[in-house]
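S.K.: pasting a predicted model and its sequence here:
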Amino acid sequence: MFLEKFSKLPSNLVKVTLICGISLGLSFFVGGSCFASVASDDYQTETSGFASSPALAILLDILLLVGIIVCFLISMRVKSFLRDGELASGWSLFSLSFVLLFIGQLLNFSVDIRVTHISYSIISAVRLLSILSLASGIYFMKKVLS
């Protein structure tokens, strides 16, 4: 029954979701390594303000935020196709992971442009919750499919 609903999903939508997820993951890890080196350089400088923040880190943060929003919208569209099927709970957790990732990236962006001063451990905790939500969503989907 639920396989019929899943097979009715447009194949392009599934492909776009996978491509967005993979590209978001790659840019997240590449951006994370850039942000780590940028953070150590920022603490060494004595100047403060928006002008001292590196433009590349800000650009990558903005691109990641846009990518996360696109992935969230696509995952909500897939969930709307499933309605209240067995896979809907997995896609709900998948969508929640994008919301948590957006919050974590927004916090990181606010620290980079020096709007807020919060600990990076809080940002890491939000990202960890995002990963746990993603993993549990995938687990529920795999459980239903097997």
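M.R.: The structure has been received and is ready for your questions.
S.K.: so in the protein, where's the weakest helix or strand by average pLDDT?
M.R.: The helix or strand of the chain with the poorest confidence is helix 2-7; it has a mean of 47 (mean pLDDT, DSSP states H and E).
S.K.: where does the chain have low pLDDT?
M.R.: Applying pLDDT under 70 to the chain flags residues 1-53.
S.K.: residue 88 contacts residue 80, doesn't it?
M.R.: No: with contacts counted by Cβ atoms under 8 Å, residue 88 stays clear of residue 80, the gap being 9.2 Å. Heads up, the C-betas are built off the backbone N, CA and C, glycines and all.
S.K.: neighbour-wise, which of those two wins?
M.R.: Ranked by neighbour count (other Cβ atoms under 10 Å), residue 88 and residue 80 place residue 88 first, with 20 against 10.
S.K.: what's the strand or helix carrying residue 93 packed up against?
M.R.: Assigned by DSSP states H and E, residue 93 belongs to helix 88-112. Packing partners of helix 88-112 (3 or more Cβ pairs under 8 Å, 6 or more residues apart in numbering; DSSP states H and E): helix 11-44, helix 55-82, helix 120-145.
S.K.: let's see it at 7 Å
M.R.: For helix 88-112, the packing partners by 3 or more Cβ pairs under 7 Å, 6 or more residues apart in numbering; DSSP states H and E come out as helix 55-82, helix 120-145.
S.K.: who touches it?
M.R.: With Cβ atoms under 7 Å, 6 or more residues apart in numbering as the test, helix 88-112 has contacts from 35, 53, 57-58, 61, 64-65, 68-69, 71-72, 75-76, 78-79, 82, 116, 118, 122-123, 126-127, 129-130, 133-134, 136-137, 140-141, 144.
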